[in-house]
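> For reference, the sequence and a predicted model appear below.
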Amino acid sequence: MASPSDSSSGTPERRPDARRPDLYRPFRPRAARVVSGVLAVAVLAMMVAIAWLLPEVAPGRQSVLDRAGIVGFGVLVAWFLVRQANVRADPDAQGLTVRNLVVTRRVAWPEVVSVRFGHGRPWVQLDLADGDTLAVMAVQAADGARARAEARRMATLVARHSLTPRDD
């Protein structure tokens, strides 16, 4: 009996992502994820090391609360960096879910008027029908050519889902 992943069955192996069209894959920054992840680990390790070594460097001058505060600060900074590493935008046929540092927002494709990205912009910005704008931190200028390609992909999604019967 052949398993679903057996290539001898004549059907290619399907991964969950293989069913999702390439156009609808999530938007995620590359440089920010790597840098934020490395910094989160480094800051947390440094703060734990400082708290651990503090009694050796300055004996009798600190309390347990001082050391806990140092570690707590490291945890807070690491949490912020992990949030930065996890920004993303998930497109589907109905709209876009944008998860930035603090806020997650869902917009339907008809709400998006235009996609702006270019010189002087750190990330993609969506102009919305209600006059508001929405930053999409998942596409960041720091990613260079990859970011420009991702901005074009987002603009393609907006254009594809804003077509009307008359194409006006």
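Good, I have the coordinates. Residues are numbered from 1 along each chain as shown.
> The residue lying farthest from the centre of the chain in helix, strand or coil?
Largest separation from the mean C-alpha position in the chain: residue 60, at 44.1 Å (CA atoms, centre = their mean). Under DSSP: H, G, I helix; E, B strand; the rest coil, residue 60 falls in the coil class.
> how near is it to residue 94?
The gap separating residue 60 from residue 94 is 63 Å, by CB to CB, to the nearest Å. For the C-beta atoms, the positions are set from N, CA and C on the backbone; glycine is no exception.
> cool, residue 129 as well?
Residue 129 is 15 Å from residue 94, by CB to CB.
> and if you look at residue 54?
Per CB to CB, residue 54 is found 53 Å from residue 94.
> what is the mean pLDDT for stretch 99-116?
Stretch 99-116 shows a mean pLDDT of 93.
> List the contacts of it.
80, 83-84, 86-90, 94-98, 124-130, 134-138, 151, 154-155, 157-158, 161-162 (CB atoms under 8 Å, 6 or more residues apart in numbering).
> Show me what the longest helix along the chain is packed against.
If you go by DSSP state H, the chain has its longest helix at helix 31-57. With contacts defined as 3 or more CB pairs under 8 Å, 6 or more residues apart in numbering; DSSP states H and E, the packing partners of helix 31-57 are helix 64-85, strand 133-140.
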